[in-house]
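In: Quick one, fold the following:
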Amino acid sequence: MTHAPPQLNSMTGFAAGQGAQGRFGWTWDLRAVNGRGLDLRLRVPDWIEGLEAGLRARLTATLGRGNVTLSLKLQAQDGGSSARLDEAQLDVVLTAMTRIEARAMEMGLSLAPANAADVLALRGVFEPGTQDEDTAALGKALLAGFETVLSSFLTMRRREGAALADVLTGQLTRIAELTDAAATAAEARRPETEANFRAALQRVMDNADGVDEPRIAQELAVLAVKTDVTEEIDRLRSHVAAARDLIAGGSPAGRKLDFLAQEFNREANTLCSKAQNSELTSVGLELKSVIEQMREQVQNVE
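Out: Residues are numbered from 1 along each chain as shown. I've put the predicted structure just below:
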């Protein structure tokens with residue numbers, strides 16, 4: 001049996017599905033956006049024993065990161081008499097809505113009006129069947145039907161993840177090219193740097209009366225460090241290799257890629273501060289631009 005190669009997943013995705021069993025029909029809505037961790041928000045009937053716990057367990061085992069919202073709309077096909085409107089809960093909800101609208105008006109905010117369907121969808125207000133229902137069988141059917149929705153959702157995240165990998169790979173290639181250009185520019189500026197260094201050395205020697213040799217050596221070493229970008233270039237190349245390995249290894253890689261993006265930016269900033277040369281500065285600024293674009297894309301990776 002062959003296994004699919006690892007790949008990146010996007011944190012964004014959407015899937016919907018429908019199903020029916022007995023007198024009940026239902027509609028699923030599953031969607032996700034970027035998030036620092038895994039945040040699950042489920043809106044499902046609470047009278048179906050074990051349903052929410054089962055859905056949470058399935059999502060937690062499958063997803064790594066993202067703000068995930070799952071909604072289930074369940075309707076009785078025959079409008080059976082077991083449907084129940086909880087008027088006490090309805091009063092609580094309507095009172096809360098009135099207070100929210102009044103408070104919003106005091107703060108100068110305008111809220112979109114809610115309709116009856118919105119109120120009925122709130123948990124505990126309307127239960128479309130709690131009496132004489134085989135909730136265990138219904139819950140099992142719902143969990144089984146959810147697998148199709150989840151599969152479509154994961155397919156979309158993989159598809160978007162593949163597109164993200166292509167974009168990030170292109171950006172890393174550009175960063176590698178600019179790093180090579182920075183190395184070339186640093187080598188080309190060497191005669192100018194050496195001339196400046198000699199001039200600085202001469203100034204130190206001309207004013208060396210009463211200054212001990214260790215102090216002179218220290219000052220010269222500081223001047224050398226301020227212009228040497230070898231370490232920055234080496235680290236940029238190392239970061240490119242590490243990022244490519246992370247992409248090849250697939251998700252979850254978002255947090256590590258985000259950390260690397262910060263390290264990329266740190267090295268580009270240092271390179272620009274040490275440039276003292278228009279060509280090297282220009283390369284460094286373009287590096288920063290590409291790194292920022294990469295950092296934005298990394299925020300979408302699971």
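In: all helices of this protein, in order?
Out: 51-62, 87-106, 116-120, 135-188, 190-206, 213-227, 230-249, 254-274, 278-298 (DSSP state H).
In: Lowest average pLDDT across the ones you listed?
Out: The minimum mean pLDDT among the helices of the chain belongs to helix 213-227 (a mean of 60).
In: and of the helices of the chain, who's closest to residue 30?
Out: Nearest to residue 30 among the helices of the chain is helix 135-188 (5.1 Å), distances taken as Cβ to Cβ. Every residue, glycine included, has its C-beta placed from N, CA and C.
In: other SSEs contacting the closest one?
Out: Contact partners of helix 135-188 among helices and strands, from 3 or more Cβ pairs under 8 Å, 6 or more residues apart in numbering; DSSP states H and E: strand 13-21, strand 24-33, helix 51-62, helix 230-249, helix 254-274, helix 278-298.
In: let's go with 6 Å and repeat that
Out: If you count contacts as 3 or more Cβ pairs under 6 Å, 6 or more residues apart in numbering; DSSP states H and E, helix 135-188 packs onto strand 13-21, strand 24-33, helix 230-249, helix 278-298.
In: Okay, domains of the chain per the record?
Out: 13-159, 161-298 (automatic domain parsing).
In: Please compute how far the last one lies from its chain's middle.
Out: Computed by Cα atoms, centre = their mean, to the nearest Å, the separation of domain 161-298 from the middle of its chain amounts to 26 Å.
In: just the first one next, same as before
Out: Domain 13-159 sits 25 Å away from the centroid of its parent chain (Cα atoms, centre = their mean).
In: Check the spacing between residue 184 and residue 282 real quick.
Out: Separation of residue 184 from residue 282 (Cβ to Cβ, to the nearest Å) stands at 12 Å.
In: ok, those two, which is more surrounded?
Out: Between residue 184 and residue 282, counted using other Cβ atoms under 10 Å, residue 282 has the larger neighbour count: 16 against 13.
In: Which residues are in contact with the more buried one?
Out: Taking Cβ atoms under 6 Å, 6 or more residues apart in numbering as the contact definition, residue 282 lies against nothing.
In: quick revisit: which of the helices and strands packed on helix 135-188 sits closest to residue 152?
Out: Residue 152 lies closest, by Cβ to Cβ, to one member of those: strand 13-21, at 4.0 Å.
In: And the contacts of the closest one?
Out: Residues contacting strand 13-21 (Cβ under 6 Å, 6+ apart): 26-32, 141, 145, 148-149, 152-153, 156-157.
In: Any chance you could give me it in CSV, C-alpha atoms only?
Out: Taking C-alpha atoms only, strand 13-21 is exported to CSV below (Å, rounded to 0.1, in the frame of the first residue of the first chain):
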residue,chain,number,x,y,z
GLY,A,13,-11.7,25.6,4.4
PHE,A,14,-15.4,25.1,3.8
ALA,A,15,-17.7,22.2,3.3
ALA,A,16,-21.4,21.5,3.5
GLY,A,17,-23.6,18.4,3.3
GLN,A,18,-27.1,17.1,3.8
GLY,A,19,-28.6,13.9,5.0
ALA,A,20,-31.7,12.2,6.3
GLN,A,21,-32.9,9.4,8.5
